[in-house]
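Visitor: Model the following, please.
(2 chains)
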Amino acid sequence: MSNVFPTRTGTETDVRLPFSFITFAVLSFVASQVLLLTVIPSLASGAFRLPLVWAAAHLGLLGFALMTAMGAMYQLVPVAFLTPIWSVRLGFWQFAVTAIGIVAFAISLAAAPTRAFLPGLLLLLGIVLFVWQMAMTLRKQETKNVMTLFVATSLLFLLLTAAAGGLLAFHFFAATGADSHETAFVLHVLFGLCGWFTLLIIGFSYKMAPMFSLAHGFSLRPARCVYALYTSGIAVSLLHLFLSGQVWLMVGTALLTSGFTVFAWHIRTILQKRMKKALDRPFQFSVTAVAIGLALHATALAAIMIGSGRWIGIIIYLSAVGWIGFSIIGYLFKIVPFLWWTHRYSEKVGQQHVPTLKQMMNERAVAVQCRLWLIALALAAVALATASVPLLAVAQVLLAGLSVAFAGTMLAVFRK
Amino acid sequence: MDVRELAMQQLKTVIDPELGINVVDLGLIYDLKIENGHIDVLMTLTTPGCPLHDSIAGGVKRALEQIAGIRDVRVQVTWNPPWTPERMSEEALRQLGYFA
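Guide: Here you go, the predicted structure:
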């Protein structure tokens, strides 16, 4: 019989590597949410471009979301693509460089934004090392598939996001006062949110959704349509920056929304083919994030059509929390117990009774947290829409409290 | 109890930690050859690129090595033919909430 593999695939990563990233990420998350508590009045009035907001946003998006994505990729790429990490040693160096870069960059943004360029270079080096590591790893994959396409493209956008961010930091550093500052900012946000995070989450969802729901007998063909629509949406939105008129932005956002709609529909059809009827709470939460992402894409399209610039800032914030953040939180509730279980119990299977992954975490606490995250997001959305400082304060206190509870739930896994 | 029955009993102690169902009821075991203290297992997993590949395949090997008189266990994982839900036992379907 062909395609026979031995007991060990040889693709497992040293768990200390993803754990280093994820532990740093969880702590950054708490720091970013606590920092946001200090700027509630500014946020409620729609003032997002403030040093402390930049610092909190980058601690959240780089410290939490980027570092989680990196850690998860060190674990998932080898098993999903059946190819070992190119250099685990480089992985530890990359972690150190990126972690120091993020902390230094966030401190610079908060204290002296004009000097953020130099620590930004260190951060850029960490990102380049990561992309190089993943490119060399993916190169060795024998059979490329649609997931490879999504992940490889998202890595390209990670580089572009970092480059646009670097350009932005350089403008502050050199005090150029050039008009291209605004262009660099839009590129940074578009590449980061749509190109890097969204394409990455979509790509891995095609592995995670069938795996966690035990779905079989579905087609992956619509994924190519999602890819074509979404990447075209990014490309056409880019045209808006260089050609006059709102029409390119409108067409680009319509393509992004269409791509995301096909993705959401596709995930739904995959889940309809599932054998595991009762989905566990963390995975349900990640699926809810897809619904939030869909609603926010549609809202962004409506806001651009009616020409409401204020709404775009709110939608970007809600997307960062509700789509990207919630997807990552949901998957982290699955990944962290899995990593610790592998470390503690993998070699004991078949010799003694070992717990299931579900037993590695307090599912009741997870269920309560998931509900509260949704309530906090809804409160934040209403508060931002109505510019209500008290309501935003309540939402942010809840988000900060939840980030601490989330960190506690993650750390509690290590006692199992 | 003969060695084959003992082997199947041992395999039922190997649980997929994500689903909480043993490898026999999941229908992951394709073939079991027992000869002169050697066991050859041909098995699969529910999906290629399963993060639990090494844990489950290693667990099968360790579980069978505990049977008295077994000197050597060789486990091979195949994707051909791929696993399908039809291979699951009624008990596995019940645990997945399929009849609910």
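Visitor: Run a quick neighbour tally on residue 15.
Guide: Answering for chain A, as no chain was given. Using other Cβ atoms under 10 Å in any protein chain shown, A:V15 is surrounded by 17 other residues. Using the backbone N, CA and C atoms, a C-beta is placed for each residue, glycine as well.
Visitor: That was the other one, I meant chain B.
Guide: Going by other Cβ under 10 Å, the residues that sit close to B:I15 add up to 21.
Visitor: which ones are touching it?
Guide: Applying Cβ atoms under 8 Å, 6 or more residues apart in numbering or on different chains, one finds that B:I15 lies in contact with A:349, A:354, A:356, B:21-23.
Visitor: of these, buried ones?
Guide: A:349, A:354, A:356, B:21-23 (16 or more other Cβ atoms under 10 Å in any protein chain shown).
Visitor: okay, these in a markdown table with secondary structure, pLDDT and distance to A:F105 next?
Guide: Shown next, in a markdown table, are the buried ones among the contacts of B:I15 (DSSP: H, G, I helix; E, B strand; the rest coil; pLDDT from 0 to 100; distance: Cβ to Cβ, whole Å):
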| residue | secondary structure | pLDDT | distance to A:F105 |
| --- | --- | --- | --- |
| A:V349 | coil | 93 | 42 |
| A:V354 | coil | 93 | 41 |
| A:T356 | coil | 93 | 40 |
| B:I21 | strand | 95 | 46 |
| B:N22 | strand | 96 | 49 |
| B:V23 | coil | 97 | 48 |
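Visitor: Spatially nearest residue to A:L384 (excluding sequence neighbours)?
Guide: Of all residues beyond its chain neighbours, the one nearest A:L384 is A:I314 (4.5 Å), with distances taken as Cβ to Cβ, 6 or more residues apart in numbering or on different chains.
Visitor: circling back to that earlier point, quick one: which of the contacts of B:I15 is nearest to A:Q369?
Guide: Taking Cβ to Cβ as the measure, A:Q369 sits nearest to A:T356 out of the contacts of B:I15, at 20.2 Å.
Visitor: what ranges of the chain fall below the confidence cut-off?
Guide: Just going to use chain A. Counting by pLDDT under 70, chain A has low-confidence residues at A:1-13, A:46-48, A:175-180.
Visitor: let's do chain B instead
Guide: B:1, B:100.
Visitor: Report the contact partners of the single nearest residue of chain A relative to chain B.
Guide: Residue nearest to chain B within chain A: A:V349 (3.0 Å; Cβ to the nearest Cβ). With contact taken as Cβ under 8 Å, 6+ apart, A:V349 is in contact with B:14-15, B:17, B:55-56, B:58-59, B:62-63.
Visitor: try 10 Å
Guide: Contact analysis of A:V349 by Cβ atoms under 10 Å, 6 or more residues apart in numbering or on different chains lists A:341, B:13-17, B:23, B:52, B:54-63.
Visitor: Just the ones of those in strands?
Guide: Using DSSP state E, the members of these that fall within strands are B:15-16.
Visitor: quick one, strands of chain A?
Guide: Per DSSP E, chain A carries strands over the ranges A:4-5.
Visitor: quick check: longest helix of the chain.
Guide: Chain wasn't specified; assuming chain A. Longest among the helix segments of chain A by residue count, using DSSP state H, is helix A:146-174.
Visitor: that's the wrong chain, I meant chain B
Guide: Longest helix in chain B, counting by DSSP H: helix B:53-65.
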